[in-house]
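Chemist: Give me the fold of what follows.
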Amino acid sequence: MTATRFFNAHLIDPSQSLDGIGYLDVIDGVVDAIGLGTPPNSGKFDQLIDCKKSCLSPGIVDMRVQPADPGAEHLESLSTLLAAAAGGGITALACLPDTRPVIDEASAIDSLCLRASRIGGPRLYAYGAATKGLAGHEMAELGLMAEAGAVGFTNSATSINDSLIMRRLLAYSNMLDKPFIQHCEDHALTKDAEMNEGETSTRLGLLGSPSEAEVIIIDRDLHLLRRTGARYHVAHISTRAGIEAVREAKAEGLAVTADTAPPYFLLNELAISTYNTAFKLSPPLRSEDDRQAVIEGLVDGTIDAIASDHMPVDRDAKMQPFGPAQPGASGLDTLLALSLTLVHQGQISMARMIEALSLAPASILDIPGGTLTPGSGADFILFRPDSSWIVKSANFRSNSRITPFESHPVQGIVDATYVDGTAIFLRD
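Modeler: Numbering: from 1, shown residues only. Below you'll find the predicted structure:
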């Protein structure tokens, strides 16, 4: 039996409404006791760790990560992906199926999860591709992938534009009790688009993508949701209209959830004025009004979760004119610090941020994590929320070193990441 006590820690666990100095006891990888104040003088511990009032919270559950392995290991190997996640305080991550080959059958899920378990580090889960080859035409073997452990189904970075196929996918997802994760974009409206449509796109001479392209898909899917009763999740939501549609759906009682990513609550379309392709993302950076709407959605819970939206991109694919440059950026190394920006600005509470990063995504995907209740797996992080640093992609643990936050000052440093009570990352 291995017993460790972490004391003098600032505990933050939204699932138990804990927020204060206290202690955490871990026995054989499981939370044995947790509480505020001075720990009781009972039990023998193999190790006593003074947290020196650093924050101790459930580990981050990142529900939107694009792996490049298999198929594009030169961009990001599975080893560097897991190492970057651990260094960023992520104890579990859900990977999109857009690999080569596509994760559209059970054996691909088995293979990816087995390889990750042999490497060690954060828990890795996988989404199953909604359609074969992510082509959007023929439904994949959802049932077999669910049996293999798929945590949900998605067509990755493209929407299901065929309404009949979407209805069938929602019906099957409901039968299998899995969430359907949708990238909401009407591709007919966004074909060849280079940035968000508006005054800025006109001034820069770039083709615009109308913000309505997001809410059109959301509105259609909500009608199908009423008929099928499925669980529906809007990925990286970015527009006021889309957020309002989700807000109204929740008020109606529909099983709708949503996530967003740091670029959409920290940046707006004006960042593109320099034509820096690091700011080319999918969905694109929106207007300032949309950015404020994303923050409002996080505050009132319309947006449930924050994800990294990590998407490895070849540097050569970014070293082009803005139009043909590939969208995407790294997000694992900076997720916690960028999310803390909202806390430091007084926009959201620390507890709400932790909830959005851990409890909410774990609940949406029905996976362990997001809580430190006794009996749960000891997946947690230690971090200093006020420690400052400058984002330098050259120092990323991830092989993907394209970020729209290069040279951006941030606060928040992860000192340790634990999975099942074992350190998978310790800062030197």
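Chemist: thought Ile160 was touching Leu170?
Modeler: No. Counting by CB atoms under 8 Å, Leu170 is not a contact partner of Ile160; they are 9.3 Å apart. Placement of C-beta: from N, CA and C, glycine included.
Chemist: Looking at these two, which is more packed in?
Modeler: Counting neighbours by other CB atoms under 10 Å for Ile160 and for Leu170 shows that Ile160 has the greater number, 27 against 24.
Chemist: you'd agree Ala351 is in a helix?
Modeler: Yes. Using DSSP: H, G, I helix; E, B strand; the rest coil, the assignment for Ala351 is a helix.
Chemist: List the contacts of it.
Modeler: 12, 14, 17, 19 (CB atoms under 8 Å, 6 or more residues apart in numbering).
Chemist: Near the second one, how many other residues are there?
Modeler: Spelled out, it's Pro14. 22.
Chemist: Tell me how far it lies from Arg123.
Modeler: Between Pro14 and Arg123 the computed distance is 20 Å (CB to CB, to the nearest Å).
Chemist: The first one now?
Modeler: Ile12 sits 21 Å away from Arg123, going by CB to CB.
Chemist: The last one too?
Modeler: Using CB to CB, we find Asp19 at a distance of 25 Å from Arg123.
Chemist: Kindly report the same for the third one.
Modeler: As defined by CB to CB, Ser17 lies at a distance of 25 Å from Arg123.
Chemist: Show me which of Asp19 and Arg123 is the more surrounded one.
Modeler: Arg123 (23 against 18).
Chemist: In contact with that one: list those residues for me.
Modeler: Contacts of Arg123 (CB under 8 Å, 6+ apart): 91-93, 367-369, 379, 419.
Chemist: 6 Å instead, please
Modeler: Ala92 (CB atoms under 6 Å, 6 or more residues apart in numbering).
Chemist: Next: the one 10 residues further on.
Modeler: For Gly133, the contacting residues are Val102, taking CB under 6 Å, 6+ apart as the criterion.
Chemist: OK, contacts around Met246?
Modeler: Residue 246: Val, not Met. 234, 256, 258, 302.
Chemist: for it, helix, strand, or coil?
Modeler: Val246 ends up helix, using three-state DSSP.
Chemist: Roughly how far does it sit from Cys184?
Modeler: For Val246 relative to Cys184 (CB to CB), the value is 10 Å.
Chemist: just Ala126 next, same as before
Modeler: 21 Å.
Chemist: Then Gly136?
Modeler: In terms of CB to CB, Gly136 sits 14 Å off from Cys184.
Chemist: contacting residues around Ile354?
Modeler: Here Ile354 is in contact with 12, 14, 57 (CB under 6 Å, 6+ apart).
Chemist: For the closest residue to it other than its chain neighbours, give me the backbone phi and psi.
Modeler: Nearest residue to Ile354 in three dimensions, chain neighbours excluded: Ser57, at 4.8 Å (CB to CB, 6 or more residues apart in numbering). Per-residue torsions, Ser57: phi -140, psi 170 (degrees, to the nearest 10).
Chemist: re earlier: now, which of the contacts of Ala351 lie within strands?
Modeler: Among the contacts of Ala351, the members falling in strands (DSSP state E) are 12, 19.
Chemist: got the contacts of Ala351 as CSV, with pLDDT columns?
Modeler: Putting the contacts of Ala351 into CSV (pLDDT from 0 to 100) gives the following:
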residue, pLDDT
Ile12, 98
Pro14, 98
Ser17, 97
Asp19, 98
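Chemist: What is the nearest of the contacts of Ala351 to Asn196?
Modeler: Nearest to Asn196 among the contacts of Ala351 is Pro14, at 32.8 Å by CB to CB.
Chemist: who touches the helix or strand bottoming out on mean pLDDT in the chain?
Modeler: Lowest mean confidence among the helices and strands of the chain (mean pLDDT, DSSP states H and E): helix 315-318, at a mean of 92. Outside helix 315-318, the residues that touch it by CB under 6 Å, 6+ apart are 277, 325-326, 402.
Chemist: Using ChimeraX, make a named selection holding only the buried ones among these.
Modeler: Only the buried entries of the contacts of helix 315-318 go into this ChimeraX selection, using 16 or more other CB atoms under 10 Å:
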select :277,325,402
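Chemist: Nearest to Tyr23 among the contacts of helix 315-318?
Modeler: For those, the nearest to Tyr23 is Ile402 (40.9 Å; CB to CB).
Chemist: Pretty sure that closest one sits against Met311.
Modeler: No. Counting by CB atoms under 6 Å, Ile402 stays clear of Met311, with 9.0 Å between them.
Chemist: ok so, going back, please say which of Gly136 and Cys184 ends up with more neighbours.
Modeler: Per other CB under 10 Å, whichever of Gly136 and Cys184 has more neighbours is Cys184, with 26 against 18.
Chemist: Surely the more buried one touches Glu214?
Modeler: Yes. Using CB under 6 Å, Cys184 is in contact with Glu214, at 4.8 Å.
Chemist: What are the buried residues along stretch 365-381?
Modeler: 365, 367, 369-372, 376-381.
Chemist: Among those, name the ones in helices.
Modeler: Leu365 (DSSP state H).
Chemist: Let's see the distance spanning stretch 96-116 from one end to the other.
Modeler: Counting by CA to CA, to the nearest Å, you get 14 Å between the two ends of stretch 96-116.
Chemist: Buried residues, it. List them.
Modeler: 96-99, 102-106, 108-109, 112-113, 116.
Chemist: okay, and for the stretch 251-400 of the chain, where does confidence drop off?
Modeler: Within the stretch 251-400 of the chain, no stretch has pLDDT under 70.
Chemist: ok, which stretches of it are strands?
Modeler: Using DSSP state E, counting those that start in this stretch, the strands of the stretch 251-400 of the chain run over residues 256-260, 305-306, 380-390.
Chemist: okay, those, which one's buried deepest?
Modeler: strand 305-306 (a mean of 28; mean count of other CB atoms under 10 Å).
Chemist: which other residues reach that strand?
Modeler: 259, 339, 356-357, 360-361.
Chemist: contacting residues for the most centrally placed residue in the chain?
Modeler: For the chain, the residue sitting closest to the mean C-alpha position, by CA atoms, centre = their mean, is Ala307 at 2.1 Å. Taking CB under 6 Å, 6+ apart, we find Ala307 in contact with 62-64, 259, 261.
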